[in-house]
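Engineer: coordinates for the following, if possible.
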Amino acid sequence: MSATPQISTEVARHLFLGAQGLLADPTRKTTSATLAKLIEQMGFVQLDSINYVERAHHLTLGSRLDAYRHEHFAHLLETQRHLFEHWTHDASAIPTAWFAHWKPRFKRYEDKLRSRSWWMQRIGTKPDNVLDQVRKRIAREGPLRSQDFEHDRKGQAAGWWDWKPQKAALEYLWFTGELMVARREKFQKVYDLTERVLPNHAPLAHPSEAEHIEWACHTAFERLVIATPKEIADFWHSITLAQARQWCEQAAKSGELVAVTIAATNGEKPRASFALHDWQARLRKLPEPPDRMRLLSPFDPVIRDRARVERLFGFDYRFEAFVPEPQRKYGYYVLPILEEDRLVGRISPKFQRDQGILEVQQVYWEPGLRVTRLRRQKLDEALQRLASLIGAERFTLPKD
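Structural biologist: Prediction:
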């Protein structure tokens, strides 16, 4: 028997960055079609409410397309309905072509939410009455926000920990597929009936378990190329580890996958993984990384799996927005710096909107990195692109 191939971290990084759209020419013409193709290539783009610098999805897409503008994304999501908003590991915009594969998830949420004391405490003792009132009002009046529903807790907080019954009902109906997010207004969800938002997709048949597992594993591998069963299960958060492991083993027997080991940069032993059978052909077709620096969103898919990032890039990243300020090492909303195919540092920025200034409070280069004049120039160029994306008139750097 031949030995299991060992793939270097450099090769694994290159394949991963290529699959996630970070090797393509960022200066190419950007249209709705370009953006739709990119998001499908990535799988999804995560949404997040924090707007300290810019919304996460705009940062993610802007790091891949210089000419990206907010309206490109809104057109795909709210007009063309090429995307829909729902849950992967978190709130995300997902290609609508895959909507049927959210139907198993809708059923799981239906069972899960009704068994949660947290949700029951917020919706009250008569959940079906509240659900029925909310769905009937939306059916009658059209798209509505949570704030369009009356409640008797004026002056109190209304965060996720203190939802009124109608908000709990809206989220339940969204999680279980009866409602969709028709659009957002100041990032607040506007809900409508699924059959009105996605009339061609709402009636689609529920996939079988085997069909769903096949879809989840195949699409995850296309976007990771090399992965462990756990990384495959975690990609969509829609199947179990046991299901992913069984699929990988069967795919290896059929020749769709090959068993490999991946070297690590952090001193770990090579990790047993699976790769698409044509990974070498894919590698040969990939271009070299663009000769530039990019500032990645904290929610970029390349950064999402912190353990994988540390193994492949030797980069230890932690999102510190929810860490008490005295305990933060780098800052509230830190953006990793990608130079070609290496993560070489991070910045701690803040958008001073009232002044139109992107303020870089600190730059942290990775230990041992030689900070040349060319590197500083590349960072300046990356910051200028970020300033243009978010609408800042200029950027400032800390004094040395």
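Engineer: any idea of the mean pLDDT in stretch 109-128?
Structural biologist: On average, the pLDDT along stretch 109-128 is 85.
Engineer: swap that for stretch 219-236, please
Structural biologist: Across stretch 219-236, pLDDT averages out at 98.
Engineer: so what touches that stretch?
Structural biologist: Under the contact criterion CB atoms under 8 Å, 6 or more residues apart in numbering, stretch 219-236 has outside partners 7, 12, 15-16, 18-20, 41-43, 88-89, 98, 216-217, 239-241, 243-245, 247-248, 257, 260, 262, 271-276, 279, 282, 301, 305, 308. The C-beta positions use only the backbone N, C-alpha and C, and glycine is treated the same way.
Engineer: any buried residues in it, and which?
Structural biologist: Judged by neighbour count (16 or more other CB atoms under 10 Å), stretch 219-236 contains these buried residues: 219-221, 223-229, 231-236.
Engineer: just the helices in the stretch 101-250 of the chain please.
Structural biologist: 103-114, 117-123, 127-141, 165-175, 194-197, 209-224, 229-236, 241-254 (DSSP state H, counting those that start in this stretch).
Engineer: scratch that, the stretch 251-400 of the chain
Structural biologist: Ranges of helices in the stretch 251-400 of the chain, per DSSP H, counting those that start in this stretch, are 279-285, 301-304, 306-313, 373-390.
Engineer: and the ones you listed, which is most packed in?
Structural biologist: helix 301-304 (a mean of 22; mean count of other CB atoms under 10 Å).
Engineer: check which helices and strands that helix is in contact with.
Structural biologist: On a contact count with 3 or more CB pairs under 8 Å, 6 or more residues apart in numbering; DSSP states H and E, helix 301-304 meets strand 45-46.
Engineer: who are the packing partners of the strand it packs on?
Structural biologist: Strand 45-46 packs on helix 56-62, strand 91-95, helix 301-304, going by 3+ CB pairs under 8 Å, 6+ apart.
Engineer: okay, the angle between the second one and helix 209-224?
Structural biologist: Our comparison of strand 91-95 with helix 209-224, counting by axes from the mean of the first three to the mean of the last three CA atoms, to 10 degrees, yields an angle of 100 degrees.
Engineer: tell me how far strand 91-95 is from the chain's mean position?
Structural biologist: Relative to its chain's centre, strand 91-95 lies at 8 Å (CA atoms, centre = their mean, to the nearest Å).
Engineer: for Arg271, name its beta-bridge partners.
Structural biologist: Ile262 (DSSP bridges).
Engineer: quick one: it and Ala259 touch, right?
Structural biologist: No: under the criterion of CB atoms under 8 Å, Arg271 is not in contact with Ala259, lying 11.6 Å apart.
Engineer: ok, those two, which is more surrounded?
Structural biologist: Between Arg271 and Ala259, counted using other CB atoms under 10 Å, the more crowded position is Arg271 (16 against 13).
Engineer: would you mind measuring from the more buried one to Ile262?
Structural biologist: To Ile262, Arg271 is 5 Å away according to CB to CB, to the nearest Å.
Engineer: which residues are common contacts for these two?
Structural biologist: Arg311.
Engineer: which residues are contacting stretch 39-51?
Structural biologist: Outside stretch 39-51, the residues that touch it by CB under 8 Å, 6+ apart are 19-21, 55-57, 60-61, 76, 83, 85, 88-95, 97, 187, 219-220, 223, 235-236, 299, 301, 304, 321, 333.
Engineer: and for stretch 141-150?
Structural biologist: Here stretch 141-150 has contacts from 134, 137-138, 158, 164, 166-167, 170, 182-183, 185, 188-192, using CB under 8 Å, 6+ apart.
Engineer: re earlier: using TSV, lay out the helices and strands packed on strand 45-46 together with distance to Ala36.
Structural biologist: Converted to TSV, the helices and strands packed on strand 45-46 look like this (distance: least, CB to CB, whole Å):
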stretch	distance to Ala36
helix 56-62	11
strand 91-95	8
helix 301-304	16
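Engineer: hey, which of those is tucked in deepest?
Structural biologist: Most buried among the helices and strands packed on strand 45-46, counting by mean count of other CB under 10 Å: helix 56-62, with a mean of 24.
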